[in-house]
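1. Please find the sequence and the predicted model below.
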Amino acid sequence: MEKFNTWLAEKITSGVATMWCAYLFAALALISLPKAIESGDSIVIISWVAQTFLQLVLLSIIMVGQKAQSKKVEDTINETHTASIAEFELAKEARSIAHKELSELHQLSKDMHKLMAEVETRLKK
């Protein structure tokens, strides 16, 4: 039952978080506008604007905006992740090169010590 509830909630949310739904809600709210104006009561008109029109229409618009903002944040996170992985790979490559160069320097040092020992031996003769 929980899976169904989650599925249904996701479907409803993705449907309500569209501008088409905002347009539908605006049209639906406008149906009662003539009666609110006809009443001549400012409280009824203000209630219609606040409770009927704004709540219905802004709900969808805010959800659309949040979806767009979430997408931007997700894109930024993905770009940062990709850049971090690329930097990590470059660091691994640099470390590998440095390790190879250090090994070569170590071998050169051994060779230099060996040569110096040979020169010293020859000089003592």
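-> Here it is on my side, so go on. Numbering: from 1, shown residues only.
2. Give me the nearest residue to residue 25, chain neighbours excluded.
-> Excluding its sequence neighbours, the residue lying closest to residue 25 (CB to CB, 6 or more residues apart in numbering) is residue 56, at 3.9 Å. Yep, even glycine has a C-beta here, placed from its N, CA and C like the rest.
3. May I ask you to confirm that that neighbour is in contact with residue 31?
-> No: counting by CB atoms under 8 Å, residue 31 is not a contact partner of residue 56; they are 11.1 Å apart.
4. Of the two, which one has the most company?
-> residue 56 (17 against 9; other CB atoms under 10 Å).
5. show me what contacts the more buried one?
-> 25-26, 28-29 (CB atoms under 8 Å, 6 or more residues apart in numbering).
6. Quick check on these: which are buried?
-> Neighbour-count burial (16 or more other CB atoms under 10 Å) applied to the contacts of residue 56 gives 25, 29.
7. what about residue 106, distance to residue 97?
-> 15 Å (CB to CB, to the nearest Å).
8. Please apply the same query to residue 89.
-> Residue 89 is 13 Å from residue 97, by CB to CB.
9. residue ranges of the strands in this protein, please?
-> Counting by DSSP state E, the chain has no strands to list.
10. pLDDT below threshold where in it?
-> Nowhere does the chain drop to pLDDT under 70.
11. mind running it again at 80?
-> 125 (pLDDT under 80).
12. related to what we said a few turns ago, quickly name whichever of the contacts of residue 56 is closest to residue 3.
-> residue 25 (28.7 Å; CB to CB).
13. Can you give me the distance of the closest one to residue 123?
-> Taken as CB to CB, the span from residue 25 to residue 123 is 99 Å.
14. Please apply the same query to residue 75.
-> Where residue 123 is concerned, residue 75 sits at a distance of 71 Å (CB to CB).
15. Now do stretch 63-80: distance to the chain's middle.
-> 5 Å (CA atoms, centre = their mean, to the nearest Å).
16. likewise stretch 59-71?
-> 14 Å.
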